[in-house]
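Novice: here is a sequence together with a model predicted from it:
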Amino acid sequence: MNYKLEQLDAFTVIGFERVISNQTAYRDCPAFWQEYQDRYMFPLLSRGVPQGDLEQAIWDNRIGEFGVCVCLGNDSFRYLIAGTYQGGPVPEGLTLFSFPASLWAKFTTHGPMPKAIQALNTQLFSEFLPSHPELEMTMGVNIEWYSKGDSCAADYESGIWIPVRQKR
């Protein structure tokens, strides 16, 4: 698997949140993305100019660059369609989530969504982490990263970031 370790300063994301069941995640997360795109992104991109505080926050914070998974420990997780918070108002319907400074393992993949990111996620948690005991997750979170471009293209780049520490 392609990955690199990178130390990141503390940062905050802003986004739309939904609680998702672990059992239905591979269906429910793409459905949430489709709903977000249909309701917000496609109209905003077609106009090219934000209208109102909510669209301005989407535009300014690049909401849609990340999918943030926060484990709830009860067979479900918080999922945010998010972007890096740049400051300013937090319109109703959006939420903030902060990460402390941490070492992150950043994994990349190529291929159409959602299949490519789901395959990477499965491989990361079922194969990679169990076979690399020198890396330990430090929080019950992970971040899906999405590049710009055609998310249906065979060469579309995306990734998953997990906070880790290196065991000695």
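Specialist: In hand now; what should we look at? Numbering: from 1, shown residues only.
Novice: any idea where the strands of this structure begin and end?
Specialist: In the chain, the strands defined using DSSP state E lie at 3-8, 11-21, 66-71, 76-84, 95-99, 102-110, 135-137, 141-146, 157-166.
Novice: mind putting those in CSV, mean neighbour count and mean pLDDT included?
Specialist: Using the backbone N, CA and C atoms, a C-beta is placed for each residue, glycine as well. Below are the strands of the chain laid out as CSV (neighbours: other C-beta atoms under 10 Å; pLDDT from 0 to 100):
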stretch, mean neighbour count, mean pLDDT
strand 3-8, 12, 96
strand 11-21, 18, 98
strand 66-71, 19, 98
strand 76-84, 20, 98
strand 95-99, 14, 98
strand 102-110, 18, 97
strand 135-137, 15, 94
strand 141-146, 20, 98
strand 157-166, 19, 97
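Novice: so can I have CSV of those showing distance to Ala119?
Specialist: Converted to CSV, the strands of the chain look like this (distance: least, C-beta to C-beta, whole Å):
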stretch, distance to Ala119
strand 3-8, 15
strand 11-21, 18
strand 66-71, 15
strand 76-84, 18
strand 95-99, 25
strand 102-110, 7
strand 135-137, 19
strand 141-146, 12
strand 157-166, 11
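Novice: closest one to Gln123 among those?
Specialist: Taking C-beta to C-beta as the measure, the strands of the chain were each checked against Gln123, and strand 102-110 came out nearest at 8.7 Å.
Novice: thanks a lot, see you next time.
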